[in-house]
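Engineer: need a 3D model of the sequence below.
(2 chains)
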Amino acid sequence: MKSLKNHLAFVIPLAFMLLTFTIYLFTNNIIKDYKQSISNDYSIVIITHTPLIKDKLEKMSSFDIKAVTRLKKDKIINKLKKDLSFESLNLLKSKLPFFYKIQLDDFPTSSQLIKIKKELALNKNIKRIEIFSKNHNQVYLLLLIINQIVVIVFTIISIFTVIIIAKQVKIWFYENSRQITILQLHGASILYSASRIIKQALFSAFIAFILISSLVVFVSLNMNMFIPLELQDIVRTKLDVQTQIINLFLLSFGISFITVMSVLISYKISNE
Amino acid sequence: MIEAKNIYLAYDENKFIIKKGSFKIKEKEFVFIGGTSGSGKSTLLKSFYGEISLKHGSLIIDGKQINAINKKELRSLRKDIGIIFQDYKLINELTIEENIMIPLKINGYSNEISKNQALKLLSHVKLSHRKGYYPNELSGGEQQRVAVARALAHNPKIIIADEPTGNLDDYSAQLVWNLLKGANEQLGITVVVVTHRVPKNLGIIFKQLSIEDGIIYEVS
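Structural biologist: The predicted model follows:
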């Protein structure tokens, strides 16, 4: 009973942390997929006097440029082919400015698009800037806010989890201090002497990992129970179970191992 | 094997328990350290395995200057010593068989070898029938016999025993003395025992040191 209580004091906070991490990954996936689905719903077209060098346009308003595509003038020329002579067409061709379509790495909000437009306007080579966008702003911003809140909650829970599990490990060290001393008197290293505590912590980490992984699998198989179909039409709410489980495994064991080792080092220092 | 030159030992900086102690213990010797209660016998033993540091002087154990060795060397030295503590120092969460396996495991022996050796020693201390028991399920005498078995398990170079028969009945005490005598005679292990009373008719040549007012004498 006492041993179960000891494990629960480690498992519960760690499981909460893994749960918020899962929610964070889930909302992050939703945002990524949503961004993907609306990525072509904006367009930045610029008209320049001379050919454009991509490097000069890099880094606009913290957005990275994914691609700068030169738009062909042939369409305009073809339309006027019937009405103009060959010489006039050639002259027109040489006088026409250069058209470019800019694609960014991340989907921009309306205000970011305005900022980008202003920054581009400072470039003297750019004659005109046209920005077209559908208004996805509200949904996108809402998703971003949810994601930010989840990040904050995850950070707070992580800090508390590390404090609580470090305290539990300290209790284990206190409970096992006699055994550690006896083993050290027989020539064992601190790592060997504390191996029981390390095993205890890793076992607790395994329990927390299994609990949350099972939950992830259950939710992914029964997504309709948790997320209304209407919402699933707007955003893709599928969970990448395999990646999620790998991430949970790394986080669960990583945090537990680092915490135990930190307590072990502080125990070693204070006992020397 | 053990050589002390002008050693000073103290828990408190100004109160020396051992003052200017000098003695020599040769390999394969059987040595008793006597003295009144509080004379510093246990403190002297603790200095042999580095539980208490010297204030002054030099103490060489198995060729190693104890006050000049690092943590790793101290661990290695402790692996070569079998210690019998006055309060047994058995791990209550482990069975007596597992307790005996401790020094073997620390010295890197496999589980199988450790187990076989533990069973052999349990039969020597007449506790084979209790191998699955935990220390707190045994009497004081039985616990001390387990502690002796543990000290002998890895065939150490030195056995250090602090009042190994202090709380024992005659049967257990005789068993312990026989084991220590056997370890010294048959395995050539150096044995250093702190005790109030040297057993009669031990049937072995031994050296005797005594501590009085912090000074170590060799009793002729």
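Engineer: does residue A:202 touch residue A:259 like I think?
Structural biologist: No - Residue A:202 lies out of contact with residue A:259 (C-beta atoms under 8 Å); the separation is 11.1 Å. No exception for glycine: its C-beta is placed from N, CA and C like everyone else's.
Engineer: can you count the residues close to the residue lying closest to residue A:64 once chain neighbours are set aside?
Structural biologist: In this structure, residue A:64 finds its nearest non-sequential neighbour in residue A:105, 4.1 Å apart by C-beta to C-beta, 6 or more residues apart in numbering or on different chains. Residue A:105 sits with 11 neighbouring residues when counted by other C-beta atoms under 10 Å in any protein chain shown.
Engineer: might one say that residue A:105 is in contact with residue A:35?
Structural biologist: No - under the criterion of C-beta under 8 Å, residue A:105 is not in contact with residue A:35, lying 10.2 Å apart.
Engineer: next, whichever residue of chain A sits closest to chain B: secondary structure please.
Structural biologist: Scanning chain A for proximity to chain B using C-beta to the nearest C-beta identifies residue A:187 as nearest, at 3.5 Å. What DSSP: H, G, I helix; E, B strand; the rest coil gives for residue A:187 is coil.
Engineer: how about it, what does it touch?
Structural biologist: Contacts for residue A:187 were tallied using C-beta atoms under 8 Å, 6 or more residues apart in numbering or on different chains; they are B:75-79, B:81, B:103, B:106-107.
Engineer: of residue A:202 and residue A:259, who's got more company?
Structural biologist: Remark: of residue A:202 and residue A:259, residue A:259 carries more neighbours, 23 against 15, as counted by other C-beta under 10 Å.
Engineer: who are the contact partners of the more buried one?
Structural biologist: With the criterion set at C-beta under 8 Å, 6+ apart, residue A:259 makes contact with A:162, A:165-166, A:169, A:201.
Engineer: repeat that for residue B:64.
Structural biologist: With contacts defined as C-beta under 8 Å, 6+ apart, the neighbours of residue B:64 are B:73, B:77.
Engineer: need the pLDDT of the residue nearest the centre of chain B.
Structural biologist: Centroid-nearest residue in chain B, with C-alpha atoms, centre = their mean: residue B:160, separated by 1.9 Å. Model confidence at residue B:160, expressed as pLDDT, equals 93.
Engineer: looking at it, it is touching residue B:84, isn't it?
Structural biologist: Yes - applying C-beta under 8 Å as the test, residue B:160 and residue B:84 come out as touching, 7.1 Å apart.
Engineer: helices of the stretch 1-150 of chain A, start to end?
Structural biologist: Chain-ordered helices for the stretch 1-150 of chain A, with DSSP state H, counting those that start in this stretch as the definition, fall at A:2-38, A:54-57, A:74-80, A:86-95, A:110-121, A:137-175.
Engineer: now for the first one, which elements pack on it?
Structural biologist: In terms of contacts (3 or more C-beta pairs under 8 Å, 6 or more residues apart in numbering or on different chains; DSSP states H and E), helix A:2-38 is packed against helix A:137-175, helix A:195-221, helix A:241-270.
Engineer: give the buried residues for the last one.
Structural biologist: For helix A:241-270, the buried set under the neighbour-count rule, 16 or more other C-beta atoms under 10 Å in any protein chain shown, comprises A:244-245, A:247-249, A:251-253, A:255-256, A:259-260, A:263-264, A:267.
Engineer: now residue A:261: how far from residue A:254?
Structural biologist: In this view, residue A:261 and residue A:254 are 11 Å apart by C-beta to C-beta, to the nearest Å.
Engineer: is it true that residue B:210 lies in a helix?
Structural biologist: No - secondary structure of residue B:210, determined by three-state DSSP: strand, with no helix assignment.
Engineer: need the longest helix for chain B.
Structural biologist: With DSSP state H setting the assignment, residue counts place helix B:170-187 as the longest helix in chain B.
Engineer: how close does residue A:206 get to residue A:19?
Structural biologist: Here the criterion is C-beta to C-beta. By it, residue A:206 lies 16 Å from residue A:19.
Engineer: and stretch A:109-125, how far out from the chain's middle?
Structural biologist: On the basis of C-alpha atoms, centre = their mean, to the nearest Å, stretch A:109-125 sits 26 Å off its chain's mean C-alpha point.
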